[in-house]
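1. with the input below, show me the fold.
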Amino acid sequence: MIAKEQILQLAEAHFNGTDKFVTSINVTSGNVIDVLIDGDTAVTIKDCVGLSRFIEGNLDREKEDFALQVSSHGAVNPLVNQRQYKKHIGKTFEIKLTDDTHHEGELVEFNENELILKYNTRESKAIGKGKVTVEKKETIPFKTIKESKIKLKF
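-> You can find the predicted model right below:
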């Protein structure tokens, strides 16, 4: 069976000096290899094809047969790397924390330890009846994030 580490080493060698990186590698017992990539800028079909050809050119089909699929990380997949947040500032996120609470808001800032979401909420007026919309910010430490997805708007 082809090792996941071998595919990662090949991908890292191919992407050395670029803004592209691997977010996921899955190798099944039948040597079906699935690689997801992302970048600090958009991932193109050319990026996927280039990596696919590089991996295929460095594996020996005579020794071990395999099927290979390389694709971009995509908006429906949870973010797995802090580096991915940079290009998504201004987008709305759905975040599930390790305590199973859910948070939603616009990503306005992040650093190596935490991210900041902005959201609107309705609160009672200080004086009088009724409610008023209030903008709030919430700081979420990365170590408490279980899953972080971009919320797609249609």
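2. for stretch 75-94, what is the average pLDDT?
-> If you average the pLDDT over stretch 75-94, you get 92.
3. one more: stretch 141-154?
-> Mean pLDDT, stretch 141-154: 92.
4. now do the end-to-end distance for it.
-> Taking CA to CA, to the nearest Å, stretch 141-154 runs 29 Å from one end to the other.
5. now do stretch 91-100
-> Termini of stretch 91-100 sit 22 Å apart (CA to CA).
6. which residues touch that stretch?
-> Under the contact criterion CB atoms under 8 Å, 6 or more residues apart in numbering, stretch 91-100 has outside partners 102-107, 117, 140, 144-151, 153. The way it works is simple: take the backbone N, C-alpha and C, and place the C-beta from them, glycine included.
7. which residues touch G57?
-> No contacts exist for G57 under CB under 8 Å, 6+ apart.
8. still on that earlier bit, and the buried ones among the contacts of stretch 91-100, selectable in PyMOL?
-> For anyone working in PyMOL, the buried entries among those, judged by 16 or more other CB atoms under 10 Å, can be selected with:
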select buried, resi 103+105+106+107+117+140+145+148+150
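9. quick one: which of the contacts of stretch 91-100 sit in strands?
-> Residues of the contacts of stretch 91-100 located in strands (DSSP state E): 102-107, 117, 140, 145-150.
10. and which of the residues you listed is nearest L79?
-> S148 (4.7 Å; CB to CB).
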